[in-house]
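Engineer: predicted model follows, preceded by the sequence.
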Amino acid sequence: MAASRRSIRALETSADQSVTTLELFFDLVFVFALTQITALMAHDLSWHGLLRGILLVGLLWWSWIGFSWLCNLVKADEGSVAGVLLLSMAAMFLIALAIPEAFHDLPGGLPGPVVIACAYFAFRALHLVLFWLIADGDPVLRRTLLRFAPSMLAATALLLIASQYHGRTQTLLWAAALAADYGGTYLIDARGWRFRSAAHFAERHGLIVIIALGESIVAIGVGVTDLPISWPILLASLLGLVVSAALWWIYFDAAVRYGERALEKEPPETRPKLARDAYTFLHLPMVIGIVLLALGLKKVLEYVGDTEHHHLDDPLKGVGLYALFVGVALYLLGHVGFKRRTMHQWSVSRLITAALVLIAIPLVTNVPALGQLAVLAALLTVLVAFETVRFAQERDELKHR
């Protein structure tokens, strides 16, 4: 394949480009960061702590998403791109390391909130400069990048300002920073971006969903790390695995294929907008939902396994209960939006299940934690069984066409 750009050594991707091992290596830092966020929310199990955890997920998602676009244009493991990707990986790793001090700086050492703001700026700057260099000879893309830069600078400035405050003011400044970053990107005419490989883009986002689901599995194990194994722990762990497996099926049995096919069929001039809406924005609630589920699973395992502080008939309450159920509902609603944007259809079964999951919250308030998890697993199992039978022919054609 012909190579390079004049300003930087880079090799263009092909239409059937697959995800590289360097991109997978890059994602390992994302796994670590999600684990850090779950632990932070579990440590501060309050509504304010939950909101801060969601803001951190939003920050990491926006960091990750930039390179999913860039590496759709040039190969991640070729030329100078590989070096920049590794440097960006280091910046994200610094963000992940500082997550426990994202809002509360510990005595001694460097100020955690400032470290995160500076590492975020470094990450975004590396992405923007690399994008600018590979856009050599494409004035439309460069104009789009110039419109994109102010929102990135505003977000970083607000994070630095937030590092000097505490409490609600700090949280509001974080929210303003993400609003500037996300809103600035949404307002840019999507036709100015470039998009080359539907296969790569769909696979890239599918893999990040798998990584997030892996965090829900990790949360099950972490929740009982220091506890003796018991029948309640085994049962809760299997129920948690059923929930995670159902979420996997919901995405990977058909949605991932429909999404890729929709991108392939979309006219080139509107394809970047579809990719932005369906993947950049509508995959975020899926990832947030999985992180909230991981928090809920972690608390359920603590409730059923820690006999010194909890009884087996204790119900999960408050933030833990809402994280467990709302996380799944948010994941399902993300899929509803994704299907609507890509296929122009409403997923009625998933919309109804999301509603039932939310309705179930007040009904299971006094049910033991293990029973609450069983209700959630049952609702998802019914959804999977219904869609397996109802759409059997369509799914078979989709997989084997």
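Structural biologist: Okay, I see it.

Engineer: give the helix, strand or coil label for Ala179.
Structural biologist: helix (DSSP: H, G, I helix; E, B strand; the rest coil).

Engineer: could you count how many residues lie near it?
Structural biologist: 15 (other C-beta atoms under 10 Å). Quick note: C-beta positions are derived from backbone N, CA and C, even for glycine.

Engineer: how near is it to Leu172?
Structural biologist: In this view, Ala179 and Leu172 are 10 Å apart by C-beta to C-beta, to the nearest Å.

Engineer: cool, and Asp181?
Structural biologist: For Asp181, the distance to Leu172 - C-beta to C-beta - is 15 Å.

Engineer: more neighbours, these two?
Structural biologist: Neighbours per residue, other C-beta under 10 Å: of Asp181 and Leu172, the larger number sits with Asp181, 25 against 13.

Engineer: ok, the more buried one touching Trp61?
Structural biologist: No: the criterion here is C-beta atoms under 8 Å, and Asp181 misses it with Trp61 at 10.3 Å.

Engineer: and the lowest-mean-pLDDT helix or strand in the chain, what does it pack onto?
Structural biologist: Here the helix or strand of the chain ranked lowest by mean pLDDT, DSSP states H and E is helix 392-400, holding a mean of 80. Packing partners of helix 392-400 (3 or more C-beta pairs under 8 Å, 6 or more residues apart in numbering; DSSP states H and E): helix 256-265.

Engineer: let's see the helix it packs on as CSV, backbone CA atoms only.
Structural biologist: What follows is helix 256-265, C-alpha atoms only, in CSV (Å, rounded to 0.1, in the frame of the first residue of the first chain):
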residue,chain,number,x,y,z
VAL,A,256,-22.2,-5.3,16.4
ARG,A,257,-22.9,-6.7,12.9
TYR,A,258,-25.8,-4.4,12.2
GLY,A,259,-23.7,-1.4,13.2
GLU,A,260,-20.9,-2.4,10.9
ARG,A,261,-23.3,-3.0,8.0
ALA,A,262,-25.0,0.3,8.6
LEU,A,263,-21.6,2.1,8.4
GLU,A,264,-20.7,0.3,5.2
LYS,A,265,-24.0,1.2,3.5
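
Engineer: next, the buried residues of that helix.
Structural biologist: 256-263 (16 or more other C-beta atoms under 10 Å).

Engineer: show the pLDDT at Met1.
Structural biologist: For Met1, the model assigns a pLDDT of 40.

Engineer: please read the previous query as pertaining to Ile220.
Structural biologist: 81.

Engineer: ditto for Arg6
Structural biologist: pLDDT at Arg6 comes out at 50.

Engineer: I'd like to know which elements the helix or strand containing Tyr322 is packed against.
Structural biologist: Using DSSP states H and E, the element containing Tyr322 is helix 318-343. Packing partners of helix 318-343 (3+ C-beta pairs under 8 Å, 6+ apart): helix 47-70, helix 231-250, helix 256-265, helix 283-305, helix 348-363, helix 369-390.

Engineer: Serialize the ones you listed to JSON lines and add fields for distance to Leu126.
Structural biologist: JSON lines is the format used below for the helices and strands packed on helix 318-343 (distance: least, C-beta to C-beta, whole Å):
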{"stretch": "helix 47-70", "distance to Leu126": "9"}
{"stretch": "helix 231-250", "distance to Leu126": "32"}
{"stretch": "helix 256-265", "distance to Leu126": "27"}
{"stretch": "helix 283-305", "distance to Leu126": "22"}
{"stretch": "helix 348-363", "distance to Leu126": "38"}
{"stretch": "helix 369-390", "distance to Leu126": "40"}
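
Engineer: between those helices, which gets nearest to Val114?
Structural biologist: Between Val114 and those, the tightest spacing by C-beta to C-beta is seen for helix 47-70, at 14.6 Å.

Engineer: list the buried residues in that closest one.
Structural biologist: 49-50, 52-70.

Engineer: please name the nearest non-neighbouring residue to Ala15.
Structural biologist: Nearest residue to Ala15, sequence neighbours excluded (C-beta to C-beta, 6 or more residues apart in numbering): Ser197, at 5.5 Å.

Engineer: should've said His335
Structural biologist: Counting by C-beta to C-beta, 6+ apart, the residue nearest His335 is Arg350, at 5.5 Å.

Engineer: the one you found: what's it in contact with?
Structural biologist: Counting by C-beta atoms under 8 Å, 6 or more residues apart in numbering, Arg350 makes contact with 250, 332, 335-336, 339, 383.

Engineer: grab the most central residue of the chain for me.
Structural biologist: For the chain, the residue nearest the mean C-alpha position is Val287 (3.2 Å; C-alpha atoms, centre = their mean).

Engineer: do I have it right that that residue meets Ile211?
Structural biologist: No: contact criterion C-beta under 8 Å: Val287 and Ile211 do not qualify, at 9.1 Å.

Engineer: and the strands in the stretch 101-250 of the chain, which stretches?
Structural biologist: Assigned by DSSP state E, counting those that start in this stretch, the strands in the stretch 101-250 of the chain number zero.

Engineer: so where's it shaky on pLDDT?
Structural biologist: For the stretch 101-250 of the chain, residues meeting the criterion pLDDT under 70 lie at 223.

Engineer: how about the helices in it?
Structural biologist: 112-134, 139-162, 167-187, 198-222, 231-250 (DSSP state H, counting those that start in this stretch).

Engineer: among the ones you listed, which is nearest Ala294?
Structural biologist: helix 198-222 (3.9 Å).

Engineer: elements contacting the closest one?
Structural biologist: Looks like helix 198-222 contacts helix 21-43, helix 47-70, helix 231-250, helix 256-265, helix 283-305 (3+ C-beta pairs under 8 Å, 6+ apart).

Engineer: identify each buried residue in it, please.
Structural biologist: 198-206, 208-209, 211-220, 222.

Engineer: can you check stretch 128-142 too?
Structural biologist: Applying 16+ other C-beta under 10 Å to stretch 128-142 flags 128, 130-135, 141 as buried.

Engineer: picking up where we left off before, out of the buried residues of helix 256-265, flag the one nearest to Ala323.
Structural biologist: Using C-beta to C-beta, the buried residues of helix 256-265 come closest to Ala323 at Val256, 25.5 Å.
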